[in-house]
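In: Following is a predicted model, sequence given first.
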Amino acid sequence: MINKIVAIQGNHPSKLNPITDTSIFLAKEAQNKKYKIFYYEPKNLSIINSKVIAEGYFIKFNYVNKKFFQILERQKLDLTKCKFILVRQDPPFNMEYILTSYILDMIKNRVKIINDPMSIRNISEKLYSAKYQKFMPMTIFTQRIDEIKKFFKKNDKIIVKPSYGYSGNDIHLLNKFDLKFIKKFIKKNGLIICQKYLSNISKGDKRVFLINGKVVGAISRIPKKGSYLSNMSKGAKAINAKLTTVEKKISKLVAKDLKKENIFFAGIDFIDQKLNGDINVTSPTGLKTYYDLTKINLAKTFWKELKA
């Protein structure tokens, strides 16, 4: 019989913010369902004698005490003893991320892993959106200077970002073609994304939550004054949001496609009813914030859809 254990592969708990963190929110609901939580960092995942072993600790989360987690017991655990594994470490999607996904592939027929390790590898969070370009602002994916120069001639302002960026890092708004900057940016990031700037970002974007092929909720994130970044890590404020008919239609399409790709939990973003190109499958966030705004607990939906 499989133990009632949920393993979480993530950043050290001390780096999490209990006010907003989705991993804690999911873990707390699993605790309510009488699951034990085993927590480990990606660097502590190994293959020993053909077994996938994680060195970590059983942990208990709470929203009452200032110290929001308690380490109960440190140990090395054969991860096939778990019923579920949540892959929740933050990007960047680097070689460590890729290698841990290959290790988890070894046991995915014996343990339910969210999201599926191979699917995480196959779906580039930025490039996957290329199949939905008709729903996006004018966007190109390139490292060719001539193509970027042409793009500037069609657009007064553009957003430039890395193809493997995260949390609003290294995103720039350019008012004119700057050859020196573009060359430096390409040298640093390789393939980059250039996107028409949508001024309505000042009114906020919308983060839509997708669980098991279903559109289950959304929030709006308003950039702080003078900013064009809607990431909460960059100071944006979250408010309640309703999806338009257009946004619902696109969200349902993406949700259906992601389910076919074995992606159980994802987040997608809209600006002015257009997909901005981020298909978040590595470590989607926002469920705790959604609960605080609406009192709707999508962690319950998450575990219900998994038949936990």
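Out: Looks like it arrived, so ask away.
In: pLDDT of the helix ranked longest in the chain, averaged?
Out: Counting residues, the longest helix found in the chain (DSSP state H) is helix 245-260. Helix 245-260 shows a mean pLDDT of 98.
In: for stretch 119-132, same thing?
Out: The model assigns stretch 119-132 a mean pLDDT of 94.
In: and if you look at stretch 62-78?
Out: The pLDDT scores in stretch 62-78 average 94.
In: So for it, first residue to last residue, what's the gap.
Out: Terminal residues of stretch 62-78 lie 26 Å apart, using CA to CA, to the nearest Å.
In: try stretch 74-94
Out: 27 Å.
In: picking that back up, counting contacts, what elements does the following helix or strand past the longest helix of the chain pack onto?
Out: Per DSSP states H and E, the first helix or strand lying C-terminal to helix 245-260 is strand 265-271. Contact here means 3 or more CB pairs under 8 Å, 6 or more residues apart in numbering; DSSP states H and E; on that basis strand 265-271 packs against strand 205-211, helix 245-260, strand 274-280. From N, CA and C alone the C-beta is placed, and that goes for glycine too.
In: In JSON lines, list these along with mean neighbour count and distance to residue 163.
Out: Output for these, formatted as JSON lines (neighbours: other CB atoms under 10 Å; distance: least, CB to CB, whole Å):
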{"stretch": "strand 205-211", "mean neighbour count": "25", "distance to residue 163": "19"}
{"stretch": "helix 245-260", "mean neighbour count": "16", "distance to residue 163": "19"}
{"stretch": "strand 274-280", "mean neighbour count": "23", "distance to residue 163": "10"}
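In: and the nearest residue to residue 62 once chain neighbours are set aside, what does it touch?
Out: Nearest residue to residue 62, sequence neighbours excluded (CB to CB, 6 or more residues apart in numbering): residue 68, at 5.9 Å. Counting by CB atoms under 8 Å, 6 or more residues apart in numbering, residue 68 touches 13, 16, 18, 24, 61, 62.
In: Can you tell me how far residue 276 is from residue 203?
Out: 14 Å (CB to CB, to the nearest Å).
In: Residue 292 too?
Out: 21 Å.
In: same question, residue 270
Out: In terms of CB to CB, residue 270 sits 12 Å off from residue 203.
In: which one of those two has more residues nearby?
Out: For the pair residue 270 and residue 203, the greater number of neighbours falls to residue 270 (25 against 13), based on other CB atoms under 10 Å.
In: right, and that one touches residue 278 too?
Out: No - assessed by CB atoms under 8 Å, residue 270 is found out of contact with residue 278, at 9.9 Å.
In: can you list residues touching both of the two?
Out: Joint contacts of residue 270 and residue 278 (CB under 8 Å, 6+ apart) do not exist.
In: Spatially, what comes nearest to residue 157 if we skip its sequence neighbours?
Out: residue 197 (3.9 Å).
In: residues contacting that neighbour?
Out: Applying CB under 8 Å, 6+ apart, the residues contacting residue 197 are 137, 155, 156, 157, 158, 159, 173, 228.
In: before we move on, the earlier item: residues making contact with the longest helix of the chain?
Out: With CB under 8 Å, 6+ apart, helix 245-260 has contacts from 123, 131-132, 135, 206, 208, 210, 212-215, 218, 243, 266, 268, 270, 273, 275, 279, 281.
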